[in-house]
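[1] have a look at this prediction, sequence included:
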Amino acid sequence: MFPSEGESQPGSGPLFGVAAHAEGVPRPDLRAVVRERSHAAILCFRGEADTAALAVWREHIRSGAAVARRAGGHLVIDTTRLRFLGWRALAVLAEEADRLPVDLALVSTSPTVARMVDAGDIDAHVPLYGTVVEALGPVGPVGPPQPASGAPSVSSRGRSRPSVRTACPKAE
């Protein structure tokens, strides 16, 4: 379940709320929940990761990375339930991947996101997977899993996988 407005503040536990903004400025519609697993943390997003939400997006990634560090050093960012994921958010993700002390993996089934990741060389910083299960893979002493054959898990030719497995809770 995702928090309602004002229920939870970032960093106050596994649920992260929406950051407050100045009066009159619309709040970004971006929410996240983090799930801790034995060797990784899964950060599930819902809403829109657009330019207005960049500060909130970055804050959620950093908070998720803190959980991931305790859980084994791997953070899976599940964007399958986002209505919109913008180019600028992907660029911030690449910046954070280089800065944070954890390994990041991006999950998306969107052919548009796959094209942006490929065109922007985001996959040089964060590998792209089609499902959370693939992104988690057999993480062991050699590091996080890598996409098979160097190809992204999501087709950039407009086809997506027929079965999507996500760790994100369903909408209420």
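    Nice, thanks for sending it over. Owing to the predicted nature of the structure, the values given are computational and were not obtained by experimental measurement.

[2] whichever strand or helix holds V76 pairs with which strands, parallel or anti?
    Assessed by DSSP states H and E, V76 sits inside strand 74-78. Strands that pair with strand 74-78, judged by DSSP bridges, come out as strand 41-49 (parallel), strand 103-107 (parallel).

[3] A114 is nearest to which of those?
    When the strands paired with strand 74-78 are compared by CB to CB, strand 103-107 sits nearest A114, at 9.9 Å. (Each C-beta comes from the backbone N, C-alpha and C, glycine too.)

[4] would you map the strands across the chain?
    Assigned strands in the chain, in chain order: 15-16, 30-36, 41-49, 74-78, 82-85, 103-107, 128-129 (criterion: DSSP state E).

[5] nearest to G64, out of these?
    Across these, closest to G64 is strand 41-49 (CB to CB), at 3.7 Å.

[6] so how far is H39 from H74?
    H74 sits 6 Å away from H39, going by CB to CB, to the nearest Å.

[7] give me the more crowded residue out of those two.
    H74 (24 against 15; other CB atoms under 10 Å).

[8] dig out what that one forms beta bridges with.
    D103.

[9] that one and Y129, how far apart?
    Using CB to CB, H74 is found at 12 Å from Y129.

[10] what residues are shared contacts of these two?
    When contacts are counted by CB atoms under 8 Å, 6 or more residues apart in numbering, H74 and Y129 are jointly contacted by A105.

[11] so where is the chain shaky, pLDDT-wise?
    For the chain, applying pLDDT under 70 flags the ranges 1-26, 138-172.

[12] JSON lines for the strands paired with strand 74-78, including distance to V33 and mean neighbour count?
    Listed next are the strands paired with strand 74-78 as JSON lines, based on distance: least, CB to CB, whole Å; neighbours: other CB atoms under 10 Å:
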{"stretch": "strand 41-49", "distance to V33": "5", "mean neighbour count": "24"}
{"stretch": "strand 103-107", "distance to V33": "14", "mean neighbour count": "26"}
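
[13] got the contact list for the top helix by length along the chain?
    Taking DSSP state H as the criterion, the chain has its longest helix at helix 54-71. Helix 54-71 is contacted from outside by 10-11, 14, 16, 18-19, 28, 30, 32, 34, 36-41, 43, 45, 49, 74-75, 77, 88-89, 92-93, 96, 100-102, 104, using CB under 8 Å, 6+ apart.

[14] tilt between it and strand 41-49?
    Here helix 54-71 points in a direction 170 degrees away from that of strand 41-49 (axes from the mean of the first three to the mean of the last three CA atoms, to 10 degrees).
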